[in-house]
Structure formats: structure tokens, C-alpha cells
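Trainee: Kindly generate the corresponding structure for this input.
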Amino acid sequence: MPHELAIGDVYFSPLLLVVIYAVIAAWVTVGLLNKTRLSRLIVFPSVTFLAIALLYVVAIDAFYLRF
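Mentor: Predicted structure coming up:
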């Protein structure tokens, strides 16, 4: 059962934690793409970053946290 994240007296959605994990994972993935020079094959890098982050949000939500 999902519950809110409490920091002090402020409650946050559990989706906020998923989005933070997804953005960090997307940064690592983009870093690996840059290191292996595969990023030169990508036409729109900013849209690709958002797409990778969205895929990580769906994967983390579906398989790891299960809301």
C-alpha cells in the first residue's frame, strides 16, 4: 500500500521519489551514451533524455515500488 513520504510536517507523493531515481538513472545512462560515443547518433538529445527518464519512471514504478 503506498503511503506519503514525510519530511518534517510536509508530506510528499511517493511518485516524487520515483521521479528522482529516474532522473538520476537517466543521467547515468546519458553519461554512458556519451562515453561510448553513441550519443552522436541521436538527433534530439533533450527529447531523448526525457524519453529515457520516462522509461525509467515506468520501470521503477512497475517493478520496484509497485504502487
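
Trainee: so Y11, which of the three states?
Mentor: With DSSP: H, G, I helix; E, B strand; the rest coil as the basis, the three-state label of Y11 is strand.

Trainee: looking at the sheet around it, what are its partners?
Mentor: Beta-bridge partners recorded for Y11 (DSSP bridges): A6.

Trainee: thinking F12 is in contact with V18, fair?
Mentor: No - if you go by C-beta atoms under 8 Å, F12 and V18 don't touch, sitting 11.2 Å apart. Backbone N, C-alpha and C define where each C-beta goes, glycine included.

Trainee: Neighbour count: those two, which is higher?
Mentor: V18 (19 against 11; other C-beta atoms under 10 Å).

Trainee: I'd like the average pLDDT over the top helix by length along the chain.
Mentor: Counting by DSSP state H, the longest helix found in the chain is helix 14-35. Averaging pLDDT along helix 14-35 yields 93.

Trainee: Tell me which other helices or strands it touches.
Mentor: Under the contact criterion of 3 or more C-beta pairs under 8 Å, 6 or more residues apart in numbering; DSSP states H and E, helix 14-35 touches strand 5-7, helix 45-59.

Trainee: Tabulate the ones you listed (TSV), appending mean pLDDT and mean neighbour count.
Mentor: As requested, those are exported to TSV (pLDDT from 0 to 100; neighbours: other C-beta atoms under 10 Å):
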stretch	mean pLDDT	mean neighbour count
strand 5-7	79	10
helix 45-59	94	14
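
Trainee: L33 is nearest to which of the ones you listed?
Mentor: Nearest to L33 among the helices and strands packed on helix 14-35 is helix 45-59 (8.5 Å), distances taken as C-beta to C-beta.
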